[in-house]
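1. The following block contains a protein sequence and its predicted model.
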Amino acid sequence: MKDKRKCRICGANLSPTKTVLPFKVSATSIVIIKQLPVLQCENCREFLIEDPVMKQVEDILSKVNDKAELEVVYFAA
């Protein structure tokens, strides 16, 4: 079943997918989260992270080693 939400940029449909996104956690540290569920625009590729997912991302980022320059983690729902 397709999500009926619309893109805030172009108005096209948003579809659920999984992606890889980087998050800057300090001046010198980046965390890459793989298999992150997002809603992505079918037209312009803009994406939306839903609130429950963003809460989990915040939890993940609060537990990473911010002294490491780069850390890669998998999103686990």
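-> Looks like it came in fine.
2. what's the nearest residue to the residue of the chain most remote from its centre if we skip its chain neighbours?
-> Here the chain reaches farthest from its C-alpha mean at K67, the gap being 21.7 Å by Cα atoms, centre = their mean. Once its chain neighbours are removed from consideration, K67 has its nearest residue in S29; the separation is 7.1 Å (Cβ to Cβ, 6 or more residues apart in numbering). For the C-beta atoms, the positions are set from N, CA and C on the backbone; glycine is no exception.
3. Tell me the backbone dihedrals of that neighbour, please.
-> Per-residue torsions, S29: phi -130, psi 130 (degrees, to the nearest 10).
4. and it, what does it touch?
-> Residues counted as contacts of S29 (Cβ atoms under 8 Å, 6 or more residues apart in numbering) are 64-71.
5. What residues of stretch 25-38 count as buried?
-> Under the neighbour-count criterion of 16 or more other Cβ atoms under 10 Å, stretch 25-38 has 25, 29, 31, 33, 36, 38 buried.
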